[in-house]
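Asks: fold the following for me, if possible:
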Amino acid sequence: MKWRSFITVLTLTISTFTVHAKSSEWFTKIMASKEQGVLQHTAKEEPKTRHHGFFREHGLILFYASQCPHCHLFAPILKSWAVQNEVEILPLAFDNQPLPEFPNFLPATTEWINAAFQGKPITYPALFVVNPKTKMLFPVGFGSMTQDELNYRMEHLIPKITSYERSGVML
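Replies: Take a look at the predicted model:
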């Protein structure tokens, strides 16, 4: 029963918490336009070819801190899920340090933080779906999740995002 209440609250949150993020293309132009003057700390990986239609035009943004135990717990789960689903992740570090699963990262700048959290309390790990073409962020979850929880949320969130992007109305 608590799970259903949480999903209901999450759905309501998503409908009111859609925010804009500066970006143009997922991992190339997004960095140039958004993070001018900030160098990426390691070389970029080449994007994979995605088979899932949704993730051809969307990616994930992970906010984390390298000393956060919940971030360390969630990172391998998210990395595994992303590899299985051929999804790109943009990791943004609050403390300017990498996680073992995400050696390629950018600092979580004020601009990114404001776009994602909109003045609300910052909690991490925080995961968002991003559509670089529309410059929209959609919250997936805050805190660590299991693989099953992540699958469940994405299965229910993707149709809602798709519907919203087509019609402007969240299911």
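Asks: which strands or helices does the lengthiest helix in the chain pack on?
Replies: The single longest helix within the chain, with elements called by DSSP state H, is helix 147-167. Applying 3 or more C-beta pairs under 8 Å, 6 or more residues apart in numbering; DSSP states H and E, we find helix 147-167 packed against helix 2-16, helix 69-85, strand 126-131, strand 136-142. For the C-beta atoms, the positions are set from N, CA and C on the backbone; glycine is no exception.
Asks: weakest of these in terms of mean pLDDT?
Replies: Among the helices and strands packed on helix 147-167, helix 2-16 has the lowest mean pLDDT, at a mean of 37.
Asks: what's near enough to touch the residue nearest to Gln67 when sequence neighbours are not counted?
Replies: In space, and not counting its chain neighbours, Gln67 is closest to Asp95: 6.6 Å by C-beta to C-beta, 6 or more residues apart in numbering. For Asp95, the contacting residues are Ala65, Ser66, Gln67, by C-beta atoms under 8 Å, 6 or more residues apart in numbering.
Asks: out of those, which comes closest to Lys135?
Replies: Using C-beta to C-beta, Ala65 comes nearest to Lys135 of the contacts of Asp95, at 25.2 Å.
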